[in-house]
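Participant: Just need the structure, nothing else, for what follows:
(2 chains)
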Amino acid sequence: MTESTAIPNRAGLGLKAEHYEAILGSRPDVGWFEVHAENYMGAGGPPHHYLTKIRRDYPLSLHGVGLSIGGAAPLDEAHLARLNDLAERYEPGLVSEHLAWSSHDEVYLNDLLPLPYTEETVTRVSDHLERMQEVLCRQVLLENPSTYVAFENSTMDEIEFLRAVVKRSGCGLLLDVNNVLVSTNNQGVSAEAYIDAFPLEHVGEIHLGGHASEEEAGGTTLLIDAHDRAVDDRVWALYARTLARGGTKPSLIEWDNSLPAWEVLYNEARRAETVIAAEAGAAPQPAASMQQTRHAAAR
Amino acid sequence: MPQHADTQNDFAAALCNAALPVPDAVVTPPVAGQDRRFDVYRNNRMVSLIEALEATFPAVLRLVGEAFFKAAARAYIDREPPRSPVLLLYGRRFGDFLDGFAPAANVPYLGDVARLEWARLNAFHAADAEPLAIDCLSALPPEDLGGLRFALHPSLQLLRSRWPVVSLWAVSSGSDPAAAVDMNCNQDALVIRPALSVDTRVLPGGGFDFIGALLSGASLAEAAEQAASNDPAFDLAVHLQGMFEVGAVTAVIPGSPEPKQE
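Facilitator: Predicted structure coming up:
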């Protein structure tokens, strides 16, 4: 794969099988694509056929959803090996996973489940990231979660937790701005304060997506990370706030359910590029890009 | 203070069983209903797994309808939760499960349709290989043909059914809504993906035994003999032609002078 690997500071789109033909037919001006790694863990067939073709023309980001980084048990080495095989095959410019757990007692729970933020879990998550980075021979980005509950035994907030994990493991961060709105709303804290406190200097990628909402009995509103609709205006505002402080970053539109026509998705990417262009015009770009940083052996 | 592993034990148990209380360690803002918040996780898990099964078994879904399918899927998920994060290959035992699912007892072919859809999913994701054309045999002396062994396409799968499984699938999947379904005929199916599309065919008589023998390493002559012993009308030339037509052969391995040699 001799084509460009680095992810540019542009809008990217989540790659969906439904859009393979539209993309290959028109080669749209999209900065990069991201795939869920687990969707390409079959041996062969159309998924690899199309991803290989699309990868020839676009940089790729590999986003894992199943490694259970926040699990109490050791990482699934077989799954890690599958992830590494994909990374070797497609040479992604970015690799990311979630601050969450999804497997327990060898059962895969297929959701990104929350964990308490404690010294113990800082160590656990950092150990898992160090192992992941050791196998993949590169830095990995860790994504802040959407949460619906908290834990009484948490001893620090999410940002303190993420800072501690970055310091200990050397990982970077993926800032999901929609998750910020969902979690802060559900935890009853300020989304703006969260964004303002986030260590943007460690952020290598941003996610933008749509969420569902429902009224709760007590008069509060529950937000649910659904990736089934356009990005909410409040998320766009938080995104602009993020770029204003941290500079432009590779920014992904996530739309995984109730998929729209290709043009609708493409227009969401154009909207993100408008925000990026406004910010790029307003301030000089940060000189250092972290996306090519190789992971130094963690100790 | 609970350890992380204990917290996850309690969380996972309550996640998979709505009869269990929300774990004590889980807290929500005072105004919110704790159970409703925890239910978001229960719902995410169950709905996404049901959707995964719906995506893999669309013909079963059409045959029984959405409400029935969801109930069957829930029961299956409780009994056979996924063991791997590679969810695209979830549902291996759904057909066997449906065989024993009492509410489906009056749809006795449902399990076979599910096994056919499972075979199609496996063919879709199987390793790729380039099929050979039948011309590759023309250079060989006729007396060498019987000793040949074939490497078959990695996506090739066989299914034997006492029902017209391929016709039932064709009608219910929408691939051939007008297909005639004769419930008194049984069908053997071949599923293969020589390039990008999965091909589902009814095997002619003897084909199941013939290809099954080749899959287990028999020579052409041995496989033909096995097929003919079960089906006296078995015609080797027709079957050989058919196998190459569907792209089933990816390598031809010459026989050795010693027929029983490994």
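
Participant: from here on, contacts and neighbour counts on C-alpha atoms
Facilitator: Noted.

Participant: now the helices: where do they sit in chain A?
Facilitator: Taking DSSP state H to define them, one finds helices in chain A at A:20-26, A:46-57, A:77-90, A:119-136, A:158-169, A:177-187, A:191-197, A:233-246, A:262-282.

Participant: Nearest to B:Asp78, out of these?
Facilitator: Nearest to B:Asp78 among the helices of chain A is helix A:77-90 (23.3 Å), distances taken as Cα to Cα.

Participant: got a list of what the closest residue to B:Gly217 other than its chain neighbours touches?
Facilitator: Once flanking residues are discounted, B:Gly217 sits nearest to B:Arg149: 6.8 Å by Cα to Cα, 6 or more residues apart in numbering or on different chains. Contacts were defined as Cα atoms under 8 Å, 6 or more residues apart in numbering or on different chains; by that measure B:Arg149 touches B:Leu214, B:Gly217, B:Ala218, B:Ser219, B:Leu220, B:Val252, B:Ile253, B:Pro254, B:Gly255.

Participant: Buried ones among the residues you listed?
Facilitator: B:Leu214, B:Gly217, B:Ala218, B:Ser219, B:Leu220, B:Gly255 (16 or more other Cα atoms under 10 Å in any protein chain shown).

Participant: follow-up on the earlier one: ok, and which of the helices of chain A has the densest surroundings?
Facilitator: Burial of those is given as mean neighbour count (mean count of other Cα atoms under 10 Å in any protein chain shown); helix A:177-187 ranks first at a mean of 24.

Participant: thinking again about what came up before, how about the helices of chain A in TSV, adding distance to A:Ser213 and mean pLDDT?
Facilitator: Shown next, in TSV, are the helices of chain A (distance: least, Cα to Cα, whole Å; pLDDT from 0 to 100):
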stretch	distance to A:Ser213	mean pLDDT
helix A:20-26	31	95
helix A:46-57	33	98
helix A:77-90	33	98
helix A:119-136	30	98
helix A:158-169	22	98
helix A:177-187	9	97
helix A:191-197	16	98
helix A:233-246	13	98
helix A:262-282	20	94
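
Participant: which stretch among those helices comes nearest B:Phe68?
Facilitator: Set against B:Phe68 and scored by Cα to Cα, the helices of chain A come closest in helix A:46-57, at 30.6 Å.

Participant: Quick one: work out the angle between that closest one and helix A:77-90.
Facilitator: 40 degrees (axes from the mean of the first three to the mean of the last three Cα atoms, to 10 degrees).

Participant: could I get the buried ones among the contacts of B:Arg149 as JSON lines with pLDDT and distance to A:Phe198?
Facilitator: Formatted as JSON lines, those follow (pLDDT from 0 to 100; distance: Cα to Cα, whole Å):
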{"residue": "B:Leu214", "pLDDT": "97", "distance to A:Phe198": "61"}
{"residue": "B:Gly217", "pLDDT": "96", "distance to A:Phe198": "61"}
{"residue": "B:Ala218", "pLDDT": "97", "distance to A:Phe198": "64"}
{"residue": "B:Ser219", "pLDDT": "97", "distance to A:Phe198": "66"}
{"residue": "B:Leu220", "pLDDT": "96", "distance to A:Phe198": "67"}
{"residue": "B:Gly255", "pLDDT": "85", "distance to A:Phe198": "68"}
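
Participant: nearest to A:Pro116, of these?
Facilitator: B:Gly217 (54.4 Å).

Participant: Check the gap between the closest one and chain A for me.
Facilitator: Going from B:Gly217 to chain A by Cα to the nearest Cα, to the nearest Å gives 22 Å.

Participant: So that residue, which state does it fall into?
Facilitator: Assigned by DSSP: H, G, I helix; E, B strand; the rest coil, the conformation of B:Gly217 is coil.

Participant: Which strand residues bridge the residue nearest to B:Gly217?
Facilitator: Per DSSP bridges, the residues bridged to B:Arg149 are B:Ile253.

Participant: now swap in the one 10 residues further on and tell me
Facilitator: Partner residues in beta bridges with B:Leu159: B:Ala189, with DSSP bridges as the criterion.

Participant: so what's the residue nearest to B:Gly217 scoring on pLDDT?
Facilitator: You'll see B:Arg149 listed with a pLDDT of 97.

Participant: now the helices of chain A in JSON lines, with distance to B:Leu140?
Facilitator: Formatted as JSON lines, the helices of chain A follow (distance: least, Cα to Cα, whole Å):
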{"stretch": "helix A:20-26", "distance to B:Leu140": "42"}
{"stretch": "helix A:46-57", "distance to B:Leu140": "34"}
{"stretch": "helix A:77-90", "distance to B:Leu140": "38"}
{"stretch": "helix A:119-136", "distance to B:Leu140": "48"}
{"stretch": "helix A:158-169", "distance to B:Leu140": "62"}
{"stretch": "helix A:177-187", "distance to B:Leu140": "65"}
{"stretch": "helix A:191-197", "distance to B:Leu140": "72"}
{"stretch": "helix A:233-246", "distance to B:Leu140": "68"}
{"stretch": "helix A:262-282", "distance to B:Leu140": "52"}
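
Participant: how near is the closest residue to chain B within the stretch 151-299 of chain A to A:Val95?
Facilitator: Scanning the stretch 151-299 of chain A for proximity to chain B using Cα to the nearest Cα identifies A:Phe151 as nearest, at 4.6 Å. Distance, A:Phe151 to A:Val95, using Cα to Cα, to the nearest Å: 29 Å.

Participant: What separation do you get for A:Ala280 and B:Ala72?
Facilitator: 53 Å.

Participant: ok, now A:Lys167?
Facilitator: 47 Å.

Participant: and what of A:Gly204?
Facilitator: 43 Å.

Participant: Could you check which of the two has the larger neighbour count?
Facilitator: A:Gly204 (26 against 21; other Cα atoms under 10 Å in any protein chain shown).

Participant: so, in contact with chain A or not, whatever helix or strand B:Ala73 lives in?
Facilitator: Per DSSP states H and E, B:Ala73 falls inside helix B:66-79. No - contact between helix B:66-79 and chain A is absent, the nearest approach being 10.4 Å (criterion: Cα under 8 Å from any Cα of the partner chain).

Participant: mean confidence score for that helix?
Facilitator: 98.

Participant: Please list the residues of chain B that sit near chain A.
Facilitator: Counting by Cα under 8 Å from any Cα, chain B sits next to chain A at B:1-2, B:4-5, B:8-9, B:12, B:25-29, B:31-34, B:37-38, B:40-41, B:44-45, B:48-49, B:81-88, B:123-128, B:195-196.

Participant: Select from those every entry located in helices.
Facilitator: Per DSSP H, the subset of the residues of chain B next to chain A in helices is B:4-5, B:8-9, B:12, B:34, B:37-38, B:40-41, B:44-45, B:48-49, B:123-125.

Participant: Please pick the buried ones from these.
Facilitator: The buried subset of these - by 16+ other Cα under 10 Å - is B:4, B:8, B:12, B:34, B:37-38, B:40-41, B:44-45, B:49, B:123-125.

Participant: any idea which of these is the one closest to B:Phe101?
Facilitator: Nearest member of those to B:Phe101, counting by Cα to Cα, is B:Leu49, at 18.5 Å.

Participant: Now for the closest one: which residues touch it?
Facilitator: Counting by Cα under 8 Å, 6+ apart, B:Leu49 touches A:Asn110, B:Ile77.

Participant: 10 Å instead, please
Facilitator: A:109-111, B:43, B:55, B:73-74, B:77, B:81-82, B:87, B:90-91 (Cα atoms under 10 Å, 6 or more residues apart in numbering or on different chains).
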